[in-house]
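Colleague: What follows is a predicted structure for the sequence shown.
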Amino acid sequence: MAEFIIRRALQALLVLLVMTLLVFFGVNVIGNPVYIFASSECDQACLTAIIEDLGLDRPIWQQYLTFLGNLLQGDLGKSFTHGIPALALIFERLPATLELAFAALVLALGAGLPLGIYAGLRPEGWGAKLIMAFSMVAFSLPVFWIGLIMILVFSVQLGWMPSVGRGETVDLGGLELSFLTLDGLHHLVMPALTLSLIMMAMVIRLARAGMREVLFSDYIKFARASGIRESRILGVHLLKNILIPIVTVLGMEFGGVIAFAVVVESIFSWPGVGKMLIDAIAVLDRPLIVAYLIFVVFMFVILNLLVDILYSVLDPRIRFGGQER
Amino acid sequence: MSGARPMAPAGSARDLAARFLADPGAALALAVFLGFCLLGFGAPLFAPQNPYDLTQVDILDSLMPPGSESFTGMTYWLGTDGQGRDMLSAMLYGIRISLIVGLLSGLLALAFGTLVGLTAAYRRGWVDTLLMRIVDLQLSFPTILVALILLVILGRGVDKIIFALVVVQWAYFARTVRGVALVESAREYVDAARGLRLGGLRILFGHILPNCLPTMLVVGTMQMAMAISLEATLSFLGLGLPPTRPSLGLLIANGFDYLQSGRYWISVLPGLVLLAIIISANVLGDRLRDVLNPKL
Amino acid sequence: MAPVLDLKALNTGFFTAAGEIPALRDVSFSLGRGEILGLVGESGSGKSLTGFSITRLIAAPGRVTGGEVLLHGQDLLRLGPEAMRRVRGAKVAMIFQDPMMTLNPVLRIGTQIRDALLAHERLGRAEVRARAIAALDQVGIPSPEARLKAYPHQLSGGMRQRVAIAIALLHAPDLVIADEPTTALDVTIQGQILALVQRLCRERGTALIWISHDLSVVAGLADRIAVMYAGRIVEIGAVDDLLDDPAHPYTQGLIASVPTPGRRQARLAQIPGRMPALTDLPPGCAFAPRCPRAQAACEAMPAMTPAGEGRMARCLYPLTGGAA
């Protein structure tokens, strides 16, 4: 187990290194680094100062090492518009995004799993057909369009739901959370639902496919032949088997959720890192943009690592390096 | 694919077309999609005004609901937007931009991905391993994230968004084409071609590639739908196309500000068109897969 | 003595768009306490389906369409779902062919035994553990305490099949249906499992239906043998009588195709042709097209008729017995 984790961690480190290389060269070779680190009001003298300050006259590999060194110390530069370190700003905004993403995850699993299992149990019924049609539509529709229609229907026409911001938050050990107040929860519902639809569609498909496969396996027949109650078979013997691919895919997609949060946050003015990015792009706060990119890549690679580990905990065949079925 | 369904006989194009259209949903989707292609590419012919020509746009006519009449007596069938542009005209031109971006990026990604996939399948060994590792790495990142990063670095522009879309799509094509090519190259007809001492490239392009076509067509249709959707999303965020070339996504974004005040048409109408295009393309892809039955 | 199991004219079919495909027809036999019946036939003959029909675990679109399955005189086909569940595992247990597939890959052995125990009894944690250890011990699994924590893939095929047998015997059922449980195992392990099941059933007076395509496996194990062909039993009788002196030409063909040490030099006999598909059965004797003794009368379905003491055969021109 330890060896497995170390091996995966090393792989993740390698990917991270490659990604910093890509972002660094993307910024320095494709774009002009001076413009990324200079504010839009910078004059010629200021530009020269920045070039020297950044060491852009040095060979590119030296620049990369400096960049990497700063990165390791958590130094991603200062935001122009806010005047504080970019990383601090990201961490200030992150709880809102994570709350939104987790709420979406909970919704996707909470609704998608039962729907998918139902569709797998009775694949010929009209209920299953309806569920699968819903999953197809939810999967192919652009996220921003769904959010837009929700605002139009539930906020503008019906006036039931607020469409802007987080509402009242509660400070919990330094984390501002919305879902603990009624007002916050009220604000959370629409963005979270919008963000969850793609994942929900995926969970439905995976759960249905898993059911179709596991339902006819010998071990389920054997469990039935042993007289084990249907609720126990469904809730434990089947569920544990179909959860493995679902957890893997959800884990891999969680990075995508953080990325799609950019869209949802800007529609619902949810004050997370995604909204921050779009605002930063609008005012060309370049250090903040670069910091966001590096940060998201970091988070994504680490998430993938965690998923691998979680997957191995769920699936004993992998945990013990056992042979394939 | 389901084993119960008999393999598609090597039918003529007419056979395939007949079977494709046997499904009324698919026929409708095809009609819708082709209709929008016609409207989009013929936009200068159909549009009552040229929305890019500022002399034709009157700011006094802004935010008029559908069916309103302009000062000059022209009817805005679908209303006007914040700058007084005729929504119908803006949407027709928007369809054109969205379709061009979707089709072009899809075709370029298809060409590049196919080249990589065929190379991997043909060369095998370390070339294959290296290329597929890159594909895996690429696919492990969410498409929207990669596109977002690229556009933040590159800035706005038609060429830039097409580049970004190609980057996020090529890997899908590369992986599927490689898979099919590997299966095909293990078949008897390839052995037969080798027996005839045909050159490797000739086998690759003359024999293996044509057999990858059904798969490429199916994946291509689906990817095009995805590209259109992604372009709209990025444009909605203000990252994709420049404001001078408003695609459907940008039109929706422009209208978003007016949504709260109940002026729904500016956002909702282009949104419905976008929806129709994406869903019809998806249905087309689904039906193509059923009819062509490629080994996906 | 009243039989443990009495199967009467069991019919099972698969329902497709094209209509019902007859998979089992007129399957009847009975089984006394502690008796071992070998159910023999080619794949597709309906032998496994007979087992699943008894426990009512046929997957859709299959369905039992007629007959009776009497367990101690009670018709299982008339039980409700919950009553049927209480029969499965407690009174009738099953063991499957492939030990790699019968245990849930993501649940510990201990969990799987516990679930099977708690399905029929109310037990505390300590009792569950004690019973599980005892059950594993009984089937000859070394250091059973440690095995409770193991996952199936950590055990060998033979060990997994022992675990499955332990689970099947947890509640001392009256009847065990074993569906080719040794086919997927090495020959040496096969012998061990065979001996184990035989011993455990004899000790407890458990009736056993041993389903196999291999006549030689059944020969050393069973008290009686039933031979199935195309969804029907064609011959049933005591193992020695049936093997020494088969009445049905198909049984004779089966026996002749088993290699024996004494006949090393002789060429193995083969039955010409193959079993007809269930969708394409002749109205009469299904074996007639391959049968050397078939005559015009075989185009009508022969009934099971006595062919010697305690023996029945579905043949108009049997090789031995009363009708000869």
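Modeller: Happy to help now that I have it.
Colleague: From here on, just use CA atoms for contacts and neighbour counts.
Modeller: Noted.
Colleague: for the residue in chain A that chain B sits nearest to, what are its contacts?
Modeller: Going by Cα to the nearest Cα, chain B is nearest to A:Gly256 of chain A, at 4.8 Å. Residues in contact with A:Gly256 (Cα atoms under 8 Å, 6 or more residues apart in numbering or on different chains) are B:Phe141, B:Pro142, B:Thr143, B:Ile144, B:Leu145.
Colleague: what ranges do the helices span in the stretch 51-200 of chain A?
Modeller: Secondary structure of the stretch 51-200 of chain A (DSSP state H, counting those that start in this stretch): helices at A:60-72, A:86-121, A:126-140, A:143-150, A:182-214.
Colleague: For the first one, list every residue counted as buried.
Modeller: The one in question is helix A:60-72. A:Gln63, A:Tyr64, A:Phe67, A:Leu68 (16 or more other Cα atoms under 10 Å in any protein chain shown).
Colleague: Retrieve the pLDDT associated with the second one.
Modeller: In this prediction, A:Tyr64 carries a pLDDT score of 79.
Colleague: who are the neighbours in contact with it?
Modeller: Shown in contact with A:Tyr64 (Cα under 8 Å, 6+ apart): A:Leu21, A:Phe24.
Colleague: and the gap between it and B:Leu137?
Modeller: 22 Å (Cα to Cα, to the nearest Å).
Colleague: Then the third one?
Modeller: Counting by Cα to Cα, the gap between A:Phe67 and B:Leu137 amounts to 23 Å.
Colleague: Show me the shaky parts of chain A.
Modeller: Applying pLDDT under 70 to chain A picks out residues A:1, A:27-41, A:53-57, A:80, A:172-174, A:286, A:311, A:314-325.
Colleague: quick one: contacts for the nearest residue to A:Met136 once chain neighbours are set aside?
Modeller: Using Cα to Cα, 6 or more residues apart in numbering or on different chains and skipping the chain neighbours, the partner closest in space to A:Met136 is A:Ala201 (7.0 Å). By Cα under 8 Å, 6+ apart, A:Ala201 lies in contact with A:Ala108, A:Gly112, A:Phe134, A:Ser135, A:Met136, A:Ala138, A:Phe139.
Colleague: one more time with 10 Å, if that's ok
Modeller: A:Ala201 sits next to A:108-109, A:111-113, A:115-116, A:131-140, A:207 when contact means Cα atoms under 10 Å, 6 or more residues apart in numbering or on different chains.
Colleague: Give me the neighbour count for B:Trp123.
Modeller: In this structure residue B:123 is Arg, not Trp. Using other Cα atoms under 10 Å in any protein chain shown, B:Arg123 has 10 other residues around it.
Colleague: now do the one 10 residues further on
Modeller: By other Cα under 10 Å, 12 other residues sit near B:Arg133.
Colleague: so how far is chain C from it?
Modeller: According to Cα to the nearest Cα, to the nearest Å, B:Arg133 and chain C sit 30 Å apart.
Colleague: so what's the residue in chain B positioned nearest to chain A up against?
Modeller: Residue of chain B nearest chain A, by Cα to the nearest Cα: B:Pro142 (4.8 Å). B:Pro142 is in contact with A:Met252, A:Glu253, A:Phe254, A:Gly255, A:Gly256, A:Val257, A:Ile258, A:Ala259, A:Phe260, A:Phe300, B:Val168, counting by Cα under 10 Å, 6+ apart.
Colleague: hang on, the third one in a helix?
Modeller: Yes: assessed by DSSP: H, G, I helix; E, B strand; the rest coil, A:Phe254 belongs to a helix.
Colleague: What is the burial count for it?
Modeller: Neighbours around A:Phe254, by other Cα under 10 Å: 22.
Colleague: How about the second one?
Modeller: Close neighbours of A:Glu253, defined as other Cα under 10 Å, add up to 21.
Colleague: Could you do the fourth one as well?
Modeller: A:Gly255 is surrounded by 25 other residues when neighbours are defined as other Cα under 10 Å.
Colleague: in terms of contact, does it touch A:Leu305 like I think?
Modeller: No: proximity of A:Gly255 to A:Leu305 does not meet the contact threshold set by Cα atoms under 10 Å, at 11.8 Å.
Colleague: Overlap of the contact sets of these two?
Modeller: In contact with both A:Gly255 and A:Leu305: A:Met299, using Cα under 10 Å, 6+ apart.
Colleague: gap between whichever residue of the stretch 51-200 of chain B sits closest to chain C and A:Leu197?
Modeller: Across the stretch 51-200 of chain B, no residue is closer to chain C than B:Ser140, which sits at 26.1 Å (Cα to the nearest Cα). In this view, B:Ser140 and A:Leu197 are 20 Å apart by Cα to Cα.
Colleague: just B:Leu131 next, same as before
Modeller: Look at B:Leu131 and A:Leu197: by Cα to Cα, they are 33 Å apart.
Colleague: one step back: quick one: which of the contacts of A:Gly256 is most hemmed in?
Modeller: Counting neighbours by other Cα under 10 Å, the top entry in the contacts of A:Gly256 is B:Ile144, with 24 neighbours.
Colleague: could you dump the lowest-mean-pLDDT helix or strand in chain C to CSV, C-alpha only?
Modeller: Across the helices and strands of chain C, mean confidence by mean pLDDT, DSSP states H and E is lowest for helix C:99-102: a mean of 82. Once non-C-alpha atoms are left out, helix C:99-102 reads as follows in CSV (Å, rounded to 0.1, in the frame of the first residue of the first chain):
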residue,chain,number,x,y,z
PRO,C,99,-15.3,-20.2,-7.8
MET,C,100,-13.6,-17.1,-9.2
MET,C,101,-17.0,-15.6,-9.9
THR,C,102,-19.2,-16.8,-7.0
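Colleague: so for the helix or strand following that helix, what's the average pLDDT?
Modeller: Remark: after helix C:99-102, the chain's next helix or strand is helix C:109-118, criterion DSSP states H and E. The average pLDDT for helix C:109-118 rounds to 93.
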